[in-house]
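In: Only the shape, not the letters, is given here:
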């Protein structure tokens with residue numbers, strides 16, 4: 001029986017310093033070399049996830065952007081993709097509402113986040129400034145350039161009423177997350193493909209790699225759907241109560257390299 005082991009990243013595979021430890025990296029690298037199938041699933045981009053897991057160089061598939069893509073860790077090649085349907089129409093409607101979003105797309109094979117600075121909200125520009133030295137940054141010279149490439153994600157930061165109206169309009173068509181960002185106090189609306197989820201990406205990966213069983217690891221409420229998809233699921237000690245209640249078992253916390261230690265003891269490699 002072929003088993004895929006999938007771990008959430010932040011507060012599960014990553015320590016509190018938002019990095020994988022040398023022990024976790026060397027353990028997983030070694031087990032994958034011996035034949036273990038492993039992946040991690042995260043809301044992060046490939047770029048930011050890769051930085052956080054520096055040293056984890058095994059050739060494994062990575063589930064990023066909450067399941068929008070599955071990408072080869074070693075080559076950066078997109079293995080499975082989910083793009084926004086009717087992205088141009090959606091973008092036009094968002095702009096017509098008075099919101100100029102950050103548009104994430106693949107342009108000529110490279111991942112970019114594009115924005116039109118003259119029309120962006122102060123909250124949007126503040127967020128962009130926080131992403132300094134990000135190779136994906138693409139400040140465009142006209143709003144027409146926002147439409148370039150294959151669009152897979154939009155981040156809208158701005159007026160509460162405008163964002164709520166867009167959320168109500170599109171929440172059944174796309175996967176929409178509307179919330180007040182706790183650190184900046186700004187209202188956000190994130191729009192991604194309807195099929196984007198860790199659980200759906202795992203199902204797609206299961207078919208792609210032709211394996212039989214899933215063992216998952218996580219810490220948060222956003223891992224519940226992934227746990228429900230898995231055959232076995234383990235919550236780290238620092239996980240929320242609701243996830244622990246549906247877990248097959250509870251392991252040590254993320255700062256104790258709990259996932260890597262479990263894999264070393266139980267994966268059979």
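Out: Received it, and whenever you're ready, just let me know what you need. Here the structure is a predicted model, which means the values were calculated and not measured.

In: hey, where'd the strands end up in the stretch 151-269 of the chain?
Out: Ranges of strands in the stretch 151-269 of the chain, per DSSP state E, counting those that start in this stretch, are 175-180, 187-192, 213-218, 232-236, 249-251.

In: beta partners of the residue nearest to residue 102 when sequence neighbours are not counted?
Out: Closest residue to residue 102 apart from its sequence neighbours, by C-beta to C-beta, 6 or more residues apart in numbering: residue 155 at 4.3 Å. Every residue, glycine included, has its C-beta placed from N, CA and C. According to DSSP bridges, the partner residues bridging residue 155 are residue 102, residue 190.

In: Spit out the contact partners of residue 155.
Out: Residue 155 is in contact with 101, 102, 104, 113, 124, 127, 188, 189, 190, counting by C-beta atoms under 8 Å, 6 or more residues apart in numbering.

In: Can you name the two of those that sit furthest apart?
Out: 113 and 189 (15.5 Å; C-beta to C-beta).

In: Between those two, which has more neighbouring residues?
Out: residue 189 (25 against 21; other C-beta atoms under 10 Å).

In: Retrieve the pLDDT associated with that one.
Out: On pLDDT, residue 189 comes in at 96.

In: Distance of it relative to residue 222?
Out: The spacing between residue 189 and residue 222, counted by C-beta to C-beta, to the nearest Å, is 17 Å.

In: remind me which residues of the stretch 151-269 of the chain are low pLDDT?
Out: Regions of the stretch 151-269 of the chain meeting the criterion pLDDT under 70 are absent.

In: just the helices in it please.
Out: Under the criterion DSSP state H, counting those that start in this stretch, the stretch 151-269 of the chain contains helices at 160-170, 198-209, 224-229, 241-246, 258-266.

In: so how far is residue 35 from residue 134?
Out: 35 Å.

In: and those two? which has more neighbours close in?
Out: residue 134 (14 against 10).

In: Identify the residue nearest the more buried one in space, chain neighbours excluded?
Out: residue 47 (7.1 Å).

In: ok but that neighbour is inside a helix, no?
Out: Yes. Assessed by DSSP: H, G, I helix; E, B strand; the rest coil, residue 47 belongs to a helix.

In: Let me know the pLDDT of it.
Out: pLDDT recorded at residue 47 is 87.

In: Next, count neighbours for it.
Out: 15.

In: How about the contacts made by it?
Out: Going by C-beta under 8 Å, 6+ apart, residue 47 touches 111, 134, 135, 136.

In: What sits closest to the third one if chain neighbours are left out?
Out: It stands for residue 135. residue 47 is the one closest to residue 135 (C-beta to C-beta, 6+ apart), at 6.9 Å.

In: Count the residues that sit near the residue nearest to residue 120 when sequence neighbours are not counted.
Out: Leaving aside its chain neighbours, residue 120 sits nearest to residue 100 (5.2 Å; criterion: C-beta to C-beta, 6+ apart). Residues lying near residue 100 (other C-beta under 10 Å) number 22.
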